[in-house]
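Enquirer: Below are the sequence and a predicted model; questions follow.
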Amino acid sequence: MPTQNKIAALSYTALNTFVKCPLQFKLKFLDKALPFESSPALEYGNRVHRELELFFKQGRKLGDDLSTMHALCAALKAAGEAPGAKLLVEKAMAVDEAGNKCSYWSDDVWIRAKVDLCIMNEGGAHASVFDWKTGKRWVENEQLDLYAALMFAHFPKLKSVSTAFVWTKTGKMDSVRHVRSDKDRLLSWAMELTEEARIAQRDDAWEANPGFACKFCTASTDQCEEKVE
């Protein structure tokens, strides 16, 4: 039997891919067998994320195409630079399967993520996490839950955390507040999916889910016979 790739070092994107199409998860995240294809939407998203990163790290002026974000970003930067506060940009975090903090590149890493922006305040007792979203509004609270769980693991003094999606085309937000006692619940979704993926791997039973989303998948019909062209 060929060696199987370990189901670990998972991101929200990987877990969500498993939910939508287990076969695509296998091909993309385990076999590394899907070619990368860029798109105008992806290139736009990368450019916006880089522009926002440089604004918060270096104070570089935002372009006119992000006019909806100017006032919000100025307010967030001021809040993060206020006395007693701390501004974290592109913060990388990871946990092992016990939910404990570990290195992003650790052999024991289970879940990992990078948060676009984090503001720590109240002596580290509260944090606000912001994730830039450049597409249409589509709220997936499980991603916000994972951010919160990682924050609690990495910052032991943290009592509460607010996690938010920021829709860069409008400057509006969707946010959720969590307290430390939520941590185990926040990770339960990820653990359930991890176990389902391991069962699929054990049984070599990777279900395809053909449909509209096939147009965004780079798998060939040789890799997925059920793919909708």
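Expert: Sure thing, it's come through. These numbers come from a predicted model, not from an experiment.

Enquirer: G123 in helix, strand or coil?
Expert: helix (DSSP: H, G, I helix; E, B strand; the rest coil).

Enquirer: go on, F165?
Expert: Once three-state DSSP is applied, F165 turns out strand.

Enquirer: Please apply the same query to E90.
Expert: Once three-state DSSP is applied, E90 turns out strand.

Enquirer: And the helices in the chain, which stretches?
Expert: Taking DSSP state H as the criterion, the chain contains helices spanning 12-20, 22-25, 40-58, 70-80, 141-154, 183-203.

Enquirer: So which other helices or strands are in contact with the shortest one?
Expert: So that's helix 22-25. Applying 3 or more C-beta pairs under 8 Å, 6 or more residues apart in numbering; DSSP states H and E, we find helix 22-25 packed against helix 12-20, helix 183-203. All C-beta atoms are positioned from the backbone trio N, CA, C, and that covers glycine.

Enquirer: Reformat the helices of the chain into JSON lines and put mean neighbour count next to each item.
Expert: Below are the helices of the chain laid out as JSON lines (neighbours: other C-beta atoms under 10 Å):
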{"stretch": "helix 12-20", "mean neighbour count": "18"}
{"stretch": "helix 22-25", "mean neighbour count": "23"}
{"stretch": "helix 40-58", "mean neighbour count": "15"}
{"stretch": "helix 70-80", "mean neighbour count": "15"}
{"stretch": "helix 141-154", "mean neighbour count": "23"}
{"stretch": "helix 183-203", "mean neighbour count": "15"}
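
Enquirer: Tell me which of those helices lies nearest to G211.
Expert: Within these, the stretch nearest G211 is helix 12-20; the backing value is 9.2 Å (C-beta to C-beta).

Enquirer: mind checking how far the closest one is from the chain centre?
Expert: 10 Å (C-alpha atoms, centre = their mean, to the nearest Å).

Enquirer: could you dump the helices and strands packed on helix 22-25 to TSV with mean pLDDT?
Expert: Shown next, in TSV, are the helices and strands packed on helix 22-25 (pLDDT from 0 to 100):
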stretch	mean pLDDT
helix 12-20	96
helix 183-203	96
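
Enquirer: Could I get the ones you listed in CSV, plus columns for distance to E81?
Expert: Formatted as CSV, these follow (distance: least, C-beta to C-beta, whole Å):
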stretch, distance to E81
helix 12-20, 29
helix 183-203, 29
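
Enquirer: and L76, which of those is closest to it?
Expert: helix 12-20 (22.1 Å).

Enquirer: what residues are up against the residue sitting nearest the centre point of the chain?
Expert: By C-alpha atoms, centre = their mean, the chain has its centre lying nearest to Y12, at 4.8 Å. Neighbouring residues of Y12 by C-beta atoms under 8 Å, 6 or more residues apart in numbering: 113, 142-143, 146.

Enquirer: what's in contact with stretch 23-32?
Expert: Contacts for stretch 23-32 (C-beta under 8 Å, 6+ apart): 4-5, 7, 10, 14, 17-18, 33-34, 197, 200-201, 206-209, 217, 219, 223-224.

Enquirer: what sits against F18?
Expert: F18 neighbours (C-beta under 8 Å, 6+ apart): 25, 193, 196-197.

Enquirer: gap between the residue nearest to the centre of the chain and V109?
Expert: Separation of Y12 from V109 (C-beta to C-beta, to the nearest Å) stands at 14 Å.

Enquirer: same deal with V129?
Expert: Taken as C-beta to C-beta, the span from V129 to V109 is 19 Å.

Enquirer: Pick out whichever of these two has more residues nearby.
Expert: Legend: neighbour count by other C-beta atoms under 10 Å for V129 and V109, higher for V129 (25 against 17).
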